[in-house]
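In: with the sequence up front, the predicted model follows.
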Amino acid sequence: MKIIDKEGKVYECPEEEVLHVIRHSTAHVMAQAIQRLYPEADFAYGPATERGFYYDVDLGDKKLSDEDLANIEAEMKKIVKENLPIKPFILPRDEAVKLMHDRKEKYKEEHIGDLPEDAVISFYQQGDYIDMCIGPHVTYTKALKAFKITGQSGAYWKNDAKNKMLTRINGVAFTSQEELAEYEKMMEEARARDHRKIGKEMSLFMTDDLIGKGLPMFLPKGYTVWQELENYIKEKERKLGYQHVMTPCVGTVSLYETSGHWAHYKANMFPAMEVEGESFVLRPMNCPHHMMIYANKPHSYKELPIRIGEIAHDFRFESSGTLKGIERGRHFCQNDAHLFVTPDQIKSEVSKVVDLIFDVYKDFGIENYRCVLSLRDPADTEKYHPDDEMWNTAEDALRQVLRDIGIEFTEEIGEAAFYGPKLDVNVKPAVGAEYTLSTCQLDFCLPAKFDLKYIDSESNEKTPVVLHRAILGSLDRFMAFIIEETKGKFPVWLAPLQVKVLPVSEKTLEYASKVNEALENANVRTQLDDRNEKIGYKIREAQQVDRAPYMLILGAKEAEEGIVSVRYRDNNETESMKLEEFIEKVTKEIATRAR
RNA sequence: GCUGGAAUAGCUCAGUCGGUAGAGCACUUCACUCGUAAUGAAGGGGUCGUCAGUUCAAGUCUGAUUUCCAGCUCCA
């Protein structure tokens, strides 16, 4: 594919850039179509994205309907058919400003003002449409063969909520219709594994308007999964010397004023409750509670590290637009822990936390994740505790530990917590944007605020360092992730229903209920389908709705010989074995948490 | 919170020009007694998210509101 750069040089597009150029050029064609249909439209940014492109446009008071979007797409196809040549030109800064000013492109004009003095300001033109852009682009509009407008949304000018909200029109673009069709198929599959959909199908959790938005409730099956996750992670933590505590979901406002959270995150907490002259809030996190537990008695350096863990209920007043099933609600349970350590224990403790994270990921088969070292933005003195030395020490320490451990990570400025830098491990769910699953934060700040102490070997009072960490993140979010990873086909130990017992007819119901009872006695989560239905019907439901890892098909043959016919969820194969043999197999898989 | 879209039976959805509310699945009952992804028949089930308005008449039109969805902003 031939492309053209801003100097007008035409050349063959490198393979790896083809999609990007196509998407960027498609954004221009969409803008041209919008300009034809809405001459008053004023364009802001219109870049290529991971899957396509968007253009942010100021349409004044005009609201776009789905029909309008279809019209824009139709106009785009027309422009492609017209096969307009796409030509670049370069203007000196003042002429560029004048051109944009004359064309009433106030966003582009402002954009030029933001560019450095020596910037080369280039434009691309196709037909009447001119866009300020550094390119490169395809040479003719007919090069764009497969695109689709996927929707619209609001987006702030320069991503700042203080600015005007523009209309963002999103689209996807590919090199061929086949690729576009493939993408649409993939999107459909992604929607099918959405945890909200599967959660409903499997009766894992529910929401209700009367309970309140962002407050999902776990049903018996969902809570079974939840409890298994809780037991799993607590077991791991106990082996690593964590001590678990239970602390209340409410605390005084003073507690959060002491920690600094009140100043930083008041807006994201449920408002304070006044009782008997005192103010209380639902807690948004557990650090202060754990700090007070540490402060409950004096500590010797010999006791450190002290690792305090809790599966803790937290409440955050998340913006209504960000709520998403159990992935992000206003109530959730953190797999939280605070490690109180001496400075020379930082490295080994961070290292153990990192090991635990990857150990857990291995158990769950999580392979697609990204490690980020989140640092402060030194310019943001409002968010970040202004103590350069403290920050430099903490950031250098954490960076060095991560390097020593040898994990790959990228650094992101301005992503740190207000009290310290952190390692975030991010994953991408089937549906929606990447989010943080695990985190390990290094904190020199809160221990000082709470005046925490330990006595060192020379009888001096010292301030411990705190590591905040969450491995499963929140159990709710982790469950959402696992549902989407497995499409609800949980490993045996996590499955809410592990075995479904299916008599072929009522003649073998008695034998089936004996088998069911034997499984129950072995602590296997089992259910007997005693309905008067055909075996194919029962299998279908057990497999498609319950997603039971094992189905036991029990007919005359099995009853006679005292065996069970095992049908496997994951490969649809069947195998006969003795009941005792099956129980041993299943209970072993459960005990070892086999994947 | 913001921009746009949606809301009809437990679930998935149809409902034309404003004229008494529909299907499949699920559920109940009956028959069949069944061998590896849906046996047949009958029956019950809806203030069409909520509140106003327009109209002789509203699931359908208007407004407000609630919740959900896509995205933006945010995420200690």
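Out: The structure has been received and is ready for your questions.
In: quick check, the residue in the stretch 1-150 of chain A closest to RNA strand B?
Out: Of the residues in the stretch 1-150 of chain A, the one nearest RNA strand B is residue A:63, at a distance of 3.8 Å by CB to the nearest atom of the strand. For every residue, glycine as well, the C-beta is placed using N, CA and C.
In: with adjacent residues omitted, what lies nearest to residue A:457?
Out: Nearest residue to residue A:457, sequence neighbours excluded (CB to CB, 6 or more residues apart in numbering): residue A:301, at 5.9 Å.
In: pretty sure that neighbour sits against residue A:455.
Out: Yes: look at residue A:301 against residue A:455 with CB atoms under 8 Å: they come within range, at 6.5 Å.
In: now do the shared contacts for the two.
Out: Here residue A:301 and residue A:455 have residue A:462 as joint contacts, going by CB atoms under 8 Å, 6 or more residues apart in numbering.
In: okay, and the beta partners of the residue nearest the centre of chain A?
Out: Nearest to the mean C-alpha position of chain A, by CA atoms, centre = their mean, lies residue A:435 at 2.8 Å. Per DSSP bridges, the residues bridged to residue A:435 are residue A:427.
In: can you say which helix or strand has the residue of the stretch 1-150 of chain A closest to RNA strand B in it?
Out: With secondary structure defined by DSSP states H and E, residue A:63 is part of neither a helix nor a strand.
In: assign the closest residue to residue A:475 other than its chain neighbours to helix, strand or coil.
Out: Excluding its sequence neighbours, the residue lying closest to residue A:475 (CB to CB, 6+ apart) is residue A:333, at 4.7 Å. Of the three states, residue A:333 takes strand according to DSSP: H, G, I helix; E, B strand; the rest coil.
In: got it, and the one 3 residues further on?
Out: Assigned state for residue A:336: strand (three-state reduction, three-state DSSP).
In: quick one: it and residue A:307 touch, right?
Out: No: in this structure residue A:336 lies outside contact range of residue A:307 using CB under 8 Å: 11.3 Å.
In: and the residue in the stretch 101-250 of chain A positioned nearest to RNA strand B, how close does it get to residue A:173?
Out: Relative to RNA strand B, the nearest point of the stretch 101-250 of chain A is residue A:154 (2.8 Å; CB to the nearest atom of the strand). To residue A:173, residue A:154 is 22 Å away according to CB to CB, to the nearest Å.
In: who has more neighbours out of these two?
Out: Neighbours per residue, other CB atoms under 10 Å: of residue A:154 and residue A:173, the larger number sits with residue A:173, 27 against 9.
In: can you list contacts of the helix or strand containing the more buried one?
Out: Using DSSP H and E, residue A:173 maps to strand A:165-174. For strand A:165-174, contacts defined as CB under 8 Å, 6+ apart pick out A:19, A:22-23, A:26-27, A:30, A:34, A:44, A:49, A:51-59, A:64, A:69, A:72, A:144, A:146-157, A:180, A:183.
In: before we move on, what about stretch A:451-462?
Out: Residues outside stretch A:451-462 that contact it (CB under 8 Å, 6+ apart): A:291, A:294-295, A:298-301, A:303-304, A:340, A:342, A:463-464, A:466.
In: what residues does the stretch 401-550 of chain A put near RNA strand B?
Out: Residues of the stretch 401-550 of chain A found near RNA strand B (CB under 7 Å from any atom of the strand) are A:415, A:417-419, A:431-433, A:435-436, A:441, A:468, A:504-507, A:531-537, A:539-540, A:543-544.
In: now, the residues you listed that are in strands?
Out: When DSSP state E defines the strands, the subset of those inside them is A:435, A:436, A:441, A:468.
In: and the closest residue to RNA strand B within the stretch 301-450 of chain A, how many neighbours does it have?
Out: Closest to RNA strand B within the stretch 301-450 of chain A is residue A:321: 1.7 Å, counting by CB to the nearest atom of the strand. Using other CB under 10 Å, residue A:321 has 6 neighbouring residues.
In: so it belongs to a strand, correct?
Out: No: assigned with three-state DSSP, residue A:321 falls outside any strand and is helix.
In: against residue A:328, how distant is it?
Out: From residue A:321 to residue A:328 the distance is 11 Å (CB to CB).
In: can you add pLDDT and give the ones in strands among the residues of the stretch 401-550 of chain A next to RNA strand B back as a markdown table?
Out: What follows is these, written out as a markdown table (pLDDT from 0 to 100):
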| residue | pLDDT |
| --- | --- |
| A:435 | 91 |
| A:436 | 94 |
| A:441 | 95 |
| A:468 | 97 |
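In: rewinding a little: residues near the residue nearest to residue A:475, how many?
Out: Neighbour tally, residue A:333, other CB under 10 Å: 22.
In: bridged to it, which residues?
Out: residue A:313.
In: mean confidence score for the strand holding residue A:173?
Out: For strand A:165-174, the per-residue pLDDT values average out at 91.
In: can you check stretch A:385-399 too?
Out: Here the average pLDDT along stretch A:385-399 is 88.
In: ok, now stretch A:310-317?
Out: On average, stretch A:310-317 scores 96.
In: same thing with stretch A:62-71?
Out: On average, stretch A:62-71 scores 81.
In: what number of residues lie near the residue lying closest to residue A:507 once chain neighbours are set aside?
Out: Take residue A:507 and drop its neighbours on the chain: the residue closest to it by CB to CB, 6+ apart is residue A:556, 6.7 Å away. The tally of other residues near residue A:556 (other CB under 10 Å) stands at 12.
In: quick check, pLDDT for residue A:556.
Out: The model reports residue A:556 with a pLDDT of 93.
In: spell out which residues of the stretch 51-200 of chain A are next to RNA strand B.
Out: Residues of the stretch 51-200 of chain A lying near RNA strand B (CB under 7 Å from any atom of the strand): A:63-66, A:151-156, A:159, A:161, A:165, A:167-168, A:170, A:194, A:196, A:200.
In: drop anything exposed from these.
Out: Taking 16 or more other CB atoms under 10 Å as the criterion, what is buried in those is A:64, A:152, A:155, A:167, A:168, A:170, A:194, A:196.
In: is residue A:81 in a helix, a strand, or coil?
Out: Look at residue A:81: counting by three-state DSSP, its state is helix.
In: any idea how many residues pack against it?
Out: Residue A:81, neighbours per other CB under 10 Å, totals 10.
In: ok, it touching residue A:142?
Out: Yes: at 7.4 Å, residue A:81 and residue A:142 qualify as touching, with contact defined as CB under 8 Å.
In: poorly predicted segments of chain A, please.
Out: Across chain A, nothing is flagged by pLDDT under 70.
In: the domain parsing of it - what is it?
Out: Following automatic domain parsing, one gets these domains for chain A: A:2-184, A:197-486, A:499-591.
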